[in-house]
Structures are given as structure tokens and as C-alpha cells.
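Novice: Everything below, folded, please.
(chains A and B)
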Amino acid sequence: NAGVTQTPKFQVLKTGQSMTLQCAQDMNHNSMYWYRQDPGMGLRLIYYSASEGTTDKGEVPNGYNVSRLNKREFSLRLESAAPSQTSVYFCASDGGKLFFGSGTQLSVL
Amino acid sequence: QQQVKQSPQSLIVQKGGIPIINCAYENTAFDYFPWYQQFPGKGPALLIAIRPDVSEKKEGRFTISFNKSAKQFSLHIMDSQPGDSATYFCAASITSGTYKYIFGTGTRLKVLA
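Specialist: From the prediction side, this is the model:
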């Protein structure tokens, strides 16, 4: 049982490049989340999806877009990466408690 | 009103000590208070959680104390071990809501052997 799977684990981008972070869960959960983790700032919510076909902005959505492709998959896209988006990104799904993926460490140069 | 304030930012204790991490909240609608443990290079994982109808919950060496009137809750780690060295996050949620979880800023704990 894989739980929440995130890809890639590491990524380096140049300013202005785009990329998509992938997330999939195999627990049949309705709600999924994307967080970013920065030193001293904890976990901040970027976007969430309460169910397939719905998405909503969280605390820090600027510069990001999301797609809830189906119940299993929730992707996060950076259209034009900026150095301020250097962070560790976590996907999570909610089954009464949050299950997190292992994270994507993203550096934007 | 949506913030959860966590302290201290970092903590160093000797093996066998009892580190205490504190959190405070403002929104009285919160009704679920979990603690997450995160090891380097890993995602956070649920450690223990409490609801406001009880003042204390123990699971092994981990205890949550909850003070509803003060809107504060804390994590105590009894007989701490080097393997407990990790970052700990408190959180608060409204279980009937869609966007549920507000996280504290985290506490980096180091337990010395």
C-alpha cells in the first residue's frame, strides 16, 4: 500500500521555466491538499480539493495552478517559476487524518 | 483568528528529559488538535491528536495536555530518546469544514544521547 506518492523528489529550475508536480493517493480519499514548507513558516496551504472536479485556493496560491484529474490524482503546476517558489512541497490526502507524501524539494535559480 | 502559534522554535534536551512544546489558538470553532512528527527528508506523520472534550491524552511516551479556557495545548514527550529528534507541528481543524487544517510553525527538537 503506497499511500501518497509524489514525483519528482528533487527538481532544479531556472527562473521562468514551468513544471508540474504530480501526486497520487491510493486510499480512496475525497480531499487532497498541496502545502509548501519553508524554514520558520511551517506548512502553508497552496490549494486544496474537497472532491474530484473541485479545487479552491489556500493561503498562498499566487503563482500556482492545480488540477484534480480524478479521485486519485492532484497535480500542482508552476507556470513561470520564481526564486520565491524555492521550497519543499508536500501533497496530502485526508482520511480523517492527513497522510503526507514524502515531498518534492524544488530549487528555482 | 485562524492562526496557531507554536513555541519554542527549537529545543535541545538530554536523553530522558521531558521536552514540552506549546501551541495557542484563537478560533473557538476548532474541534480537533493533532500533532505531527516529521523526520528529515520525510513528510509529516500523525503522532497523536485530541478533541476539546478531554484535558489530556496519552499514547505511549507522548501526552497532549489541553486547556480549553486558555485556548492552549501542549505536547509532552516522556523519557525522550535520540530517536525522537525531529520537527513537531501542532495543528488545529474544524472537522465539519472543508479546509480543515491550520498548522503551527514547527519546533525542531534535538535529544542528546
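Novice: who in chain B is up against chain A?
Specialist: Residues of chain B found near chain A (C-beta under 8 Å from any C-beta of the partner chain) are B:6, B:9, B:34, B:36, B:41-46, B:49, B:89, B:98-101, B:103-106. To be clear about C-beta, it is placed using only N, CA and C from the backbone, and glycine gets the same treatment.
Novice: filter those residues to the buried ones?
Specialist: Among those, those classed as buried by 16 or more other C-beta atoms under 10 Å in any protein chain shown are B:6, B:34, B:36, B:43-44, B:49, B:89, B:99-101, B:103-106.
Novice: can you tell me which of those are in strands?
Specialist: B:6, B:34, B:36, B:49, B:89, B:101, B:103 (DSSP state E).
Novice: Wait, the last one touches A:L43, no?
Specialist: Spelled out, it's B:F103. Yes. The pair B:F103 / A:L43 is scored as a contact, 4.3 Å apart, by C-beta atoms under 8 Å.
Novice: contacting residues for residue 87?
Specialist: As the question left the chain open, I've gone with chain A. By C-beta atoms under 8 Å, 6 or more residues apart in numbering or on different chains, A:S87 lies in contact with A:36-38, A:106.
Novice: The chain in question should be chain B.
Specialist: B:T87 makes contacts with B:37-38, B:106-109, as judged by C-beta under 8 Å, 6+ apart.
Novice: so which helix or strand takes in the nearest residue to B:S80 once chain neighbours are set aside?
Specialist: With sequence-adjacent residues excluded and distances taken as C-beta to C-beta, 6 or more residues apart in numbering or on different chains, B:S80 is closest to B:V111, at 4.7 Å. Assigned by DSSP states H and E, B:V111 belongs to strand B:107-112.
Novice: Kindly format the C-alpha coordinates of that strand as CSV.
Specialist: Below are the C-alpha coordinates for strand B:107-112, written out as CSV (Å, rounded to 0.1, in the frame of the first residue of the first chain):
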residue,chain,number,x,y,z
THR,B,107,9.5,23.0,16.7
ARG,B,108,12.9,21.4,15.9
LEU,B,109,13.7,19.0,18.7
LYS,B,110,17.1,17.5,19.3
VAL,B,111,17.6,14.9,22.0
LEU,B,112,21.2,14.4,23.0
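Novice: so what does that strand touch, helix or strand wise?
Specialist: If contacts are counted by 3 or more C-beta pairs under 8 Å, 6 or more residues apart in numbering or on different chains; DSSP states H and E, strand B:107-112 sits against strand B:10-14, strand B:86-93.
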